[in-house]
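Chemist: Need coordinates for the below:
(chains A and B)
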2 protein chains.
Amino acid sequence: MTDHILKSFDTELDRLYDEIKRMGELAMSQLDAAVDVLGRRDSNAAARVVANDDAIDAMESAVSMDVLKLLALRQPMARDLREVYAALRISADIERIGDYATNVAKRSIVLNNSPALPITGRIARLAKIANQLLADALKAYSEGDAELAARVRDADVELDAMYTSFFRELVTYMMEDPRTIGACAHLMFMAKNIERIGDHATNIAENTWFVVHGDMPEGERRKEDRTSE
Amino acid sequence: MTDHILKSFDTELDRLYDEIKRMGELAMSQLDAAVDVLGRRDSNAAARVVANDDAIDAMESAVSMDVLKLLALRQPMARDLREVYAALRISADIERIGDYATNVAKRSIVLNNSPALPITGRIARLAKIANQLLADALKAYSEGDAELAARVRDADVELDAMYTSFFRELVTYMMEDPRTIGACAHLMFMAKNIERIGDHATNIAENTWFVVHGDMPEGERRKEDRTSE
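Modeler: A predicted model of the protein is given here:
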């Protein structure tokens, strides 16, 4: 038996929580940074945000392999099994959130090739809501707070509504000035990326609920934006 | 000990392969159906495609829980551990592919509220390439064919190029006839969904390589579309 095997399950689990907490903090700072470089039109800084995504990807791979080894060596059941399942799922959600933040930064580099559009400022408002949802979801997870998790799930609806309204505004904007269509198409995808971050925050909240209660929260999830309805 | 525990690891693994095969076939037929209802402008059939997505979601949950129980009860190591890890990852990829196909169907319902655009036909061409990638990736996985998996990874570049060219064409199309902007925005998201299906087919191929060889394929993955570069 190795030292690894002799450690207690709780110690291993604490380590997973720590890894996921650091991943989450990195994803949040990536989204903040992406929106910041968009506002400042700083392509060099945007390229650094893109490069940072590798760190989140590496952390997710590490969590996945840790989870699998933990499962194989410890054979957890009941709540312990839910804990490792949730860790695996939540790390995958954070990895996706990192990808979405990175895509915002990438698209900001393209936008720097055309004149600044005042409507770009709306992206920062969407991102602020998304990052708050993510902060709450991660807090609910790290504290095992199922009630906070349930509130995150409900609050995602606001982000969806804000995205839908921005989508329609962008269509109008493009019609009024067709020269902005290329740039506005990128803003549309950026907004969609941020709306998706809200969905992944909701996933984190649902998996937190699952850890605590052993089932999924009741009621139809109101997840999709309404632009495709 | 229950009957479940007494089954051999290989029997359990075969069952996982079967479940994933069925999930994959369903995802492929969902994408075909989504493109078909788009072409036929049939909102009722599109709504049925949307409803079918629940079946894929349920299959993914079942695979996840089977994988976790298998890990806990069997403590697989080395290639066996990679097998269950890949099954978990690949079922998550197929679930996402199902979501993207569903989103194409949802958006087709919105498009039926405005006049048909000839450029819509390009979506079917993109989807055909994506579905071929997916078919190859699933074949590579079920047959443990790492060479085929490596070819899928390379072929995704073609889909990305086709998406990028379509994106630019759509921007031009919108500029020439601003009344089509709303509809074209949905076509843009549909095309992006299909480009993402190619990325998930590539993930499946990479995890197939991982099962066989124990590492990830060499060389930088050329995954992103170039519209955000």
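Chemist: When you work out contacts or count neighbours from here on, use the C-alpha atoms and nothing else.
Modeler: Fine.
Chemist: contacting residues around stretch A:189-196?
Modeler: Contacts to stretch A:189-196, defined as C-alpha atoms under 8 Å, 6 or more residues apart in numbering or on different chains, come from residues A:97, A:100-101, A:103-104, A:107, A:123, A:126-127, A:130, A:159-160, A:163, A:166-167, A:225.
Chemist: Sticking with the most centrally placed residue in chain A, tell me its helix or strand.
Modeler: Nearest residue to the geometric centre of chain A (C-alpha atoms, centre = their mean): residue A:97, 3.1 Å. Here residue A:97, judged by DSSP states H and E, is contained in helix A:78-111.
Chemist: Please apply the same query to residue A:114.
Modeler: Here residue A:114 is covered by no helix or strand, with elements defined by DSSP H and E.
Chemist: That one: what's it in contact with?
Modeler: residue A:183.
Chemist: one more time with 10 Å
Modeler: A:180, A:182-183 (C-alpha atoms under 10 Å, 6 or more residues apart in numbering or on different chains).
Chemist: Among those, which one has the most neighbours?
Modeler: residue A:183 (22 neighbours; other C-alpha atoms under 10 Å in any protein chain shown).
Chemist: Per-residue confidence, the residue nearest to residue A:204 when sequence neighbours are not counted, what does it come out as?
Modeler: Nearest non-adjacent residue to residue A:204, counting by C-alpha to C-alpha, 6 or more residues apart in numbering or on different chains: residue A:90, 5.5 Å away. Here, the pLDDT recorded for residue A:90 equals 97.
Chemist: can you tell me how far residue A:90 sits from residue B:163?
Modeler: Applying C-alpha to C-alpha, to the nearest Å, the value for residue A:90 to residue B:163 is 30 Å.
Chemist: quick one: the helices in chain A?
Modeler: Residue ranges of the helices in chain A, as given by DSSP state H, are A:3-6, A:9-40, A:43-74, A:78-111, A:121-143, A:146-176, A:181-213.
Chemist: sorry, back to before: and the contacts of residue A:114 near chain B, which?
Modeler: When contact is defined as C-alpha under 10 Å from any C-alpha of the partner chain, the contacts of residue A:114 meet chain B at A:180, A:182-183.
Chemist: and which of the residues you listed is nearest residue B:116?
Modeler: Of all the ones next to chain B among the contacts of residue A:114, residue A:182 has the smallest distance to residue B:116: 22.3 Å, by C-alpha to C-alpha.
Chemist: picking that back up, can you put the ones next to chain B among the contacts of residue A:114 in CSV and add distance to residue B:51 and pLDDT?
Modeler: Putting these into CSV (distance: C-alpha to C-alpha, whole Å; pLDDT from 0 to 100) gives the following:
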residue, distance to residue B:51, pLDDT
A:180, 37, 96
A:182, 34, 96
A:183, 34, 97
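Chemist: Go through these and name the one nearest chain B.
Modeler: Comparing the ones next to chain B among the contacts of residue A:114 against chain B with C-alpha to the nearest C-alpha picks out residue A:182 as the nearest, at 5.9 Å.
Chemist: Now do the contacts for the closest residue to that closest one other than its chain neighbours.
Modeler: Nearest non-adjacent residue to residue A:182, counting by C-alpha to C-alpha, 6+ apart: residue B:171, 5.9 Å away. Going by C-alpha under 10 Å, 6+ apart, residue B:171 touches A:178-185, B:178, B:181, B:184-185, B:188.
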